[in-house]
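J.: pasting the structure only:
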């Protein structure tokens, strides 16, 4: 299942010890991993009213045969936490043997299905990037505040580019006799990100491995980029909480990530190492379930332990992303197997 994402034109990622101008705001859709008790979810919400349609939908997910019962129970709890974060009303999430059922108002059916998104997140250094039809060009330097603890990394990897021949930038040469590196370059060359259905062959690759990946979104004028990425430098398990916020000055929705102490140190080290490189190797990729949702470039070490992902989000898409990232990846990934609408009672 694919998590809907907002277009990433002019996407910004801001990192600061304190709130940056243009990245602040009050919002909703927050989720802290320390919160959440099991049980059905019943809370006030901004979700659509069910007055127009009182029908119920039952969404069924099935875990892999290799999944342990304990992991399925933990997965159920995290799906409940996501529902609570989204403010879904009258929702029940229950485990039945290897199946997990989500029952709620049919008007919320799309969000009920999205509760089963795996949500595996990682931050990886970009080794190479290629966009079909785009000429190679240097990327502009990101802006930064005068405070050394504050900075702004501007995502260029998914922006529209001028038409031209395809080009790849700075693909690292394989080490002498490095068959593994040569095979990785071959996978990068063969990866086709122009297809409507994005490849998911490496979504479960070990964190210590280098991988190839496609951008999450694209269009006829701005095809999806493809990336060659190094091992995971910051794992999504070190995101302590995520919130959907609205910038009160310009009205845009953002998703704010707060790292735990380990994640903050790792993120600072990652951006410090990348800041001395030239494009595209001064970029890091934010990878969600095998797809690159953002690839910001950096020019300095970024500390503070807080990151704002902002772009053309709607309130719903920002809250959905915050709920997914804030809960953490599902311990036992599940597959959507059926959606049933119950008749009126």
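T.: Right, received. Where do you want to start? Quick caveat, the model's predicted, so the values are computed rather than measured.
J.: where does the prediction get shaky in this structure?
T.: The chain contains residues with pLDDT under 70 at 1-53, 133-178, 196-202, 218-222, 310-311, 345.
J.: domain-wise, how is it divided?
T.: The chain breaks down by automatic domain parsing into domains covering 12-28+119-320, 32-46+53-117+330-341.
J.: how about these in JSON lines, adding mean neighbour count?
T.: C-beta coordinates here come from the backbone N, C-alpha and C atoms, glycine included. Below are those laid out as JSON lines (neighbours: other C-beta atoms under 10 Å):
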{"stretch": "domain 12-28+119-320", "mean neighbour count": "19"}
{"stretch": "domain 32-46+53-117+330-341", "mean neighbour count": "18"}
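J.: can you show me the strands along the stretch 151-300 of the chain?
T.: 151-154, 167-169, 211-215, 226-229, 234-235, 239-246, 253-259, 284-288, 291-294 (DSSP state E, counting those that start in this stretch).
J.: report the strands that pair with the fifth one, each with its relative direction.
T.: Translated: strand 234-235. The strands beside strand 234-235 in its sheet (DSSP bridges) come out as strand 121-131 (antiparallel).
J.: my guess is residue 230 meets residue 210, correct?
T.: Yes - Residue 230 lies in contact with residue 210 (C-beta atoms under 8 Å); the separation is 5.4 Å.
J.: hey, where'd the helices end up in the stretch 51-200 of the chain?
T.: For the stretch 51-200 of the chain, applying DSSP state H, counting those that start in this stretch gives helices covering 69-86, 109-114, 179-190.
J.: Throw the strands of the stretch 151-300 of the chain into TSV and include distance to residue 85, thanks.
T.: TSV is the format used below for these (distance: least, C-beta to C-beta, whole Å):
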stretch	distance to residue 85
strand 151-154	26
strand 167-169	38
strand 211-215	26
strand 226-229	29
strand 234-235	21
strand 239-246	9
strand 253-259	12
strand 284-288	17
strand 291-294	19
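J.: quick one on the thing from earlier: the helices of the stretch 51-200 of the chain: which one's closest to residue 241?
T.: helix 69-86 (10.1 Å; C-beta to C-beta).
J.: now the closest one against strand 239-246, angle please.
T.: 30 degrees (axes from the mean of the first three to the mean of the last three C-alpha atoms, to 10 degrees).
J.: please renumber so the chain begins at 231
T.: Will do, 231 is the new start, and the previous item becomes helix 299-316.
J.: who does helix 299-316 touch, helix- and strand-wise?
T.: Helix 299-316 sits against strand 256-262, strand 286-293, strand 322-326, strand 329-335, helix 545-557, with contacts defined as 3 or more C-beta pairs under 8 Å, 6 or more residues apart in numbering; DSSP states H and E.
J.: so which of these is nearest residue 434?
T.: The closest of the helices and strands packed on helix 299-316 to residue 434 is strand 286-293. By C-beta to C-beta, the value is 14.6 Å.
J.: so what are the sheet partners of the closest one and their directions?
T.: strand 329-335 (antiparallel), strand 564-571 (antiparallel).
J.: quick one: residue 291 and residue 569 touch, right?
T.: No - the criterion here is C-beta under 8 Å, and residue 291 misses it with residue 569 at 10.3 Å.
J.: can you pull the contacts of the nearest residue to residue 295 once chain neighbours are set aside?
T.: What sits nearest to residue 295 in space, not counting adjacent residues and going by C-beta to C-beta, 6 or more residues apart in numbering, is residue 328, at 7.2 Å. When contacts are counted by C-beta atoms under 8 Å, 6 or more residues apart in numbering, residue 328 touches 292-293, 295, 297, 302.
J.: go again with 10 Å.
T.: 291-295, 297, 299, 302, 562, 564 (C-beta atoms under 10 Å, 6 or more residues apart in numbering).
J.: residue 453: which of those residues is nearest?
T.: So of the contacts of residue 328, ranked by how close each gets to residue 453 (C-beta to C-beta), first place is residue 564, at 31.0 Å.
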